[in-house]
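Visitor: Give the three-dimensional model of this entry:
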Amino acid sequence: MTTISADNDRARLERLRAESRKIRGVSLGRDAWRRLVRDHSAFAALIFLILLAVLAVFTPFLPLQPPQKIDIDRKFAPPVVRPLFTQSAEWTDEAGNTIEDAIAEGFGNLNAFDLALLRVRASLFGRRQATNWLGTDELGRDQLARLCWGARVSLLVGLVAALVSLAIGVSYGAVSGYVGGWVDAAMMRLVDVLYSVPFIFIVIFLITVLSEPEVVKPWLQKHDIDRIMIFYVVVGGIYWLTMARVVRGQVLSLKQQQFVEAARTIGAGRARIIFQHIVPNLLSVIIVYLTLTIPRVMLFEAFLSFLGLGVEPPDVSWGLLANDGAKHITPVGVVWWLIVGPGVALGATCVALNRLGDGLRDAFDPRLKNR
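Guide: Residues are numbered from 1 along each chain as shown. As a prediction, this is how the structure comes out:
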């Protein structure tokens, strides 16, 4: 009987093992991805943003007109879609050799990556370039080309400034919540004080002071620091307050968990516990907040560029294009194509980022798993 019972137990154990092999666990990231894919609007927003990022990176490869090429004869030319492409007279010579002259005149200073893309574009498309699909501005520059090149600056400003704010906010909030006591109270009171400061005036003041004076501006130029780099730091330094509060609240609930106690037991220090054990458990909150911060920064950049304090020409951004378009909305006439292009691009990108943020929040929320 003992032998038969042992055989039955062994057979039951093998059946359980066979069934367990068929069951595969699902990680938080994979489960969140599945739920995000089922959210069709959020997934469509993700695809749109990926395509927009690819377009911005590979803009020099596209057969567009040079964004800085001035042609007064084409001043305020309306959008033209026929023919779709024209033959450029100055993009390359008859033999298809050098393009340095065209690059210097129409594209300005470019890095090695952009130069390589332009050379590939010249070898594939030759003199063919798109016509004025979105019209031209007051200097005869192609609006479509400037819109595509402006996407690079606007997206980069939003991403870099958001990352700076996240780095400051996550570190500040995590340290405050984990240390606790009077340190936490002092750090949060500082956040309360900073919340009461009108940051818009501080940003305008700093950018103005660092750009105009005779002493400061030459020093910045000597160290290759331009206004856009100042914008990254200044704007990133003011959007971290909310993130610090959110992270602090999450850390207060996590620091008493068993995995934190286990890390303390094996002798892990505060810095290791905070940044190697607690912060990785906050990635879902961080990712969601990142997608919600980027559109705020992009709109703020557009606002500063609208005031003439953002991106400096010859660089171009969507905010700067919107500012140029707003100048020509007068009772005499409205050059509508100068404002519609950057307005639609900026609005669609911000809507997509906000919708993606909502989708990520729902995907990472375990309470919505079975809904």
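Visitor: By mean pLDDT, point me to the weakest helix or strand of this protein.
Guide: helix 100-106 (a mean of 60; mean pLDDT, DSSP states H and E).
Visitor: C-terminal to that helix, what's the next element?
Guide: Counting by DSSP states H and E, the next helix or strand C-terminal to helix 100-106 is helix 112-125.
Visitor: okay, that next one in PDB with CA atoms only?
Guide: Only the C-alpha atoms of helix 112-125 are listed here, as PDB (Å, rounded to 0.1, in the frame of the first residue of the first chain):
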ATOM      1  CA  ALA A 112      28.400  65.100 -39.300                       C
ATOM      2  CA  PHE A 113      25.200  63.000 -39.000                       C
ATOM      3  CA  ASP A 114      23.100  65.700 -40.800                       C
ATOM      4  CA  LEU A 115      25.800  66.200 -43.500                       C
ATOM      5  CA  ALA A 116      25.800  62.400 -44.200                       C
ATOM      6  CA  LEU A 117      22.000  62.400 -44.500                       C
ATOM      7  CA  LEU A 118      22.200  65.300 -46.900                       C
ATOM      8  CA  ARG A 119      24.800  63.600 -49.100                       C
ATOM      9  CA  VAL A 120      22.600  60.400 -49.200                       C
ATOM     10  CA  ARG A 121      19.600  62.600 -50.100                       C
ATOM     11  CA  ALA A 122      21.600  64.300 -52.900                       C
ATOM     12  CA  SER A 123      22.700  61.000 -54.300                       C
ATOM     13  CA  LEU A 124      19.200  59.500 -54.300                       C
ATOM     14  CA  PHE A 125      17.100  62.500 -55.300                       C
END
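Visitor: Partner strands of the helix or strand just after that helix, with direction?
Guide: Next in sequence after helix 112-125, counting helices and strands by DSSP H and E, comes strand 128-130. Paired strands of strand 128-130, with direction, are strand 85-87 (antiparallel) (DSSP bridges).
Visitor: List of residues touching the strand it pairs with?
Guide: Outside strand 85-87, the residues that touch it by Cβ atoms under 8 Å, 6 or more residues apart in numbering are 63, 127, 128, 129, 130, 131. Using the backbone N, CA and C atoms, a C-beta is placed for each residue, glycine as well.
Visitor: count of neighbours near the fifth one?
Guide: Here the count is done by other Cβ atoms under 10 Å, and residue 130 has 20 residues near it.
Visitor: Any idea what it is bridged to?
Guide: Bridge pairing for residue 130 - DSSP bridges - gives residue 85.
Visitor: Show me how far stretch 261-275 is from its chain's centre.
Guide: Mean-position distance between stretch 261-275 and its chain equals 33 Å (Cα atoms, centre = their mean, to the nearest Å).
Visitor: Next: stretch 181-190.
Guide: For stretch 181-190, the distance to the chain centre is 31 Å (Cα atoms, centre = their mean).
Visitor: Thanks a lot, see you next time.
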